[in-house]
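Peer 1: Fold the following for me, if possible:
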Amino acid sequence: MRPQAEAQPVQHRLDFEAIIRSDPDLMHLLRRLRSIGLPQWRLVAGCLYQTVWNVLTGRPRRTGTKDYDLIYFDAADLSWEAEDAVIQRVAAATTDCLGPVEVRNQTRVHLWFEARFGCAYPQLSCADAALGYYASIVHAVGVRLDDNGALDVVAPFGLDDLFAMVIRPNHALNNAASHDSKAQRAKAIWPEVFVLPWEDEARRPACAAAGNPPP
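Peer 2: Numbering: from 1, shown residues only. Sure, this is the predicted structure:
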């Protein structure tokens, strides 16, 4: 691999961290989430790649951002009541932050996903494993603010698509409906994005993206 190619992922990581740190509201939210102390917590997906796209295209902060997805992993209690209690804790702790914050315990997703969205979901061993199943590669990015102030970034597919503004399907699940609907919304807000269609879509059963389970 050429030195320039080797340096690109490193530069993308540095640029990503710089963009997140330059957003005071996002950093305030990360600090508040850190104070809650949820196990394996991360802010993930839309609020992050949308923040980067707004910087790349010169749009105002918060353009296109509807909510802030927070994941965590707690296997001690798999009941909806336990997850709902966490949702209420997060809501109370983030009243002066960006929002709404959508909270999901990744330990529970396999219990309700198929009944709600029509395709099976694997039982996860950690919160970060969830990013590997997001409908589009660019969705798979997460960040946590560590106690020492460092940004812990996870991006299992890298950050190339993020900075190239490419929406590429991830076929880990049959998530054609989610890939297409989110791509269409993104294209309407950021015309600069390039969307790659879901391959063999006609032969793949569609499955919507994960959301909060019903009580």
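
Peer 1: Now do the contacts for the closest residue in space to Phe194 that isn't next to it in sequence.
Peer 2: Nearest residue to Phe194, sequence neighbours excluded (Cβ to Cβ, 6 or more residues apart in numbering): Val166, at 5.1 Å. Any C-beta I mention is one placed from the backbone N, CA and C, and that applies to glycine too. Counting by Cβ atoms under 8 Å, 6 or more residues apart in numbering, Val166 touches 137-138, 160, 193-196.

Peer 1: Next, find the distance separating Val166 from Lys187.
Peer 2: From Val166 across to Lys187, the span is 12 Å (Cβ to Cβ, to the nearest Å).

Peer 1: Would you mind grabbing the residues shared as contacts by those two?
Peer 2: Counting by Cβ under 8 Å, 6+ apart, the residues touching both Val166 and Lys187 are 193, 195.

Peer 1: And Leu43, its phi and psi?
Peer 2: Backbone torsions for Leu43, taken as degrees, to the nearest 10, come to phi -90, psi 130.

Peer 1: Which pLDDT value belongs to it?
Peer 2: Looking at Leu43, its pLDDT reads 98.

Peer 1: That one - how many residues pack around it?
Peer 2: 21 (other Cβ atoms under 10 Å).

Peer 1: swap in His139?
Peer 2: His139: 27 neighbours (other Cβ under 10 Å).

Peer 1: Ok, the one 4 residues further on next?
Peer 2: The local packing count at Val143 equals 19, with neighbours defined by other Cβ under 10 Å.
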